[in-house]
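Engineer: Show me how the following folds:
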Amino acid sequence: MKTARYFILPCLALLLFIYACETEKSSIDLQSGKLIKISGCMELKSIVIGEDTADSLSCIEYSYDAENKKLLLKHINAGFNCCPEKIYGDVGFVDDSVIIQESEKDGLCDCNCLYNLEFELTGISKKAYVVCLIEPYAGDQEEIAIRIDLTENTQGSYCVVRKGYPWGLNNQ
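Structural biologist: Numbers count the residues shown, from 1 in each chain. Down below sits the predicted model:
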């Protein structure tokens, strides 16, 4: 009986250790995303600072860090109210799709302008994804939906033309 006790206790300890390691590994692989940076309103700033992206474009740039399983997404020229109380970027995952729903709370001014938003996604494997941005002021204009294959390119960009206000004010 004593021999069985000395055998069972180490086995239980080993099983507990394996379970703890597997639990820790699976929590690292969970996908999550958050809005990490919002620029100020870029009203006429693209002319002053020589911004590379025309204000008639809404773009997404991405870069992937395979070692840390992080995908950085930058939405260039996101349209919002000139003085929102708060800007939101909710990130959701459905299979191999990333859906980013942008919104604002209480647009307090009677004007709109462009912002740059940066998102950080973690737990991202090196494979193909579809990234969709849902913009509050894009209306029926072309949506930003891009397929990125991180096995082929770890960085890139995609733009759509925007013709409605607040886009294109400096190109008229």
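Engineer: C-alpha only now, for contacts and for neighbours.
Structural biologist: Will do.
Engineer: May I have the helix or strand harbouring Leu114 exported as PDB, CA atoms only?
Structural biologist: Assignment of secondary structure by DSSP states H and E places Leu114 within strand 112-122. Output in PDB follows, covering the C-alpha atoms of strand 112-122 (Å, rounded to 0.1, in the frame of the first residue of the first chain):
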ATOM      1  CA  ASN A 112     -16.000  66.100 -39.300                       C
ATOM      2  CA  CYS A 113     -12.300  65.400 -39.700                       C
ATOM      3  CA  LEU A 114      -9.800  62.600 -40.300                       C
ATOM      4  CA  TYR A 115      -7.900  60.700 -37.600                       C
ATOM      5  CA  ASN A 116      -5.300  57.800 -37.600                       C
ATOM      6  CA  LEU A 117      -6.200  54.900 -35.400                       C
ATOM      7  CA  GLU A 118      -3.700  52.100 -34.400                       C
ATOM      8  CA  PHE A 119      -4.800  48.700 -33.300                       C
ATOM      9  CA  GLU A 120      -2.800  45.900 -31.700                       C
ATOM     10  CA  LEU A 121      -3.900  42.300 -32.200                       C
ATOM     11  CA  THR A 122      -2.300  39.500 -30.100                       C
END
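Engineer: Report the strands that pair with it, each with its relative direction.
Structural biologist: Strand 112-122 sits in its sheet next to strand 32-38 (antiparallel), strand 70-81 (antiparallel), going by DSSP bridges.
Engineer: Skip ahead from the longest one and say which helix or strand is next.
Structural biologist: The C-terminal neighbour of strand 70-81 among helices and strands, as given by DSSP H and E, is strand 84-94.
Engineer: in that following strand, what counts as buried?
Structural biologist: Buried residues in strand 84-94, defined by neighbour count with 16 or more other CA atoms under 10 Å: 87, 89, 91.
Engineer: Is the first one in contact with Gly107, as I believe?
Structural biologist: No. Using CA atoms under 8 Å, Ile87 is not in contact with Gly107, being 9.6 Å away.
Engineer: can you list the domain ranges for this protein.
Structural biologist: When the chain is parsed with automatic domain parsing, its domains come out as 1-30, 31-171.
Engineer: Could you pull up the mean pLDDT of the last one?
Structural biologist: Mean pLDDT, domain 31-171: 91.
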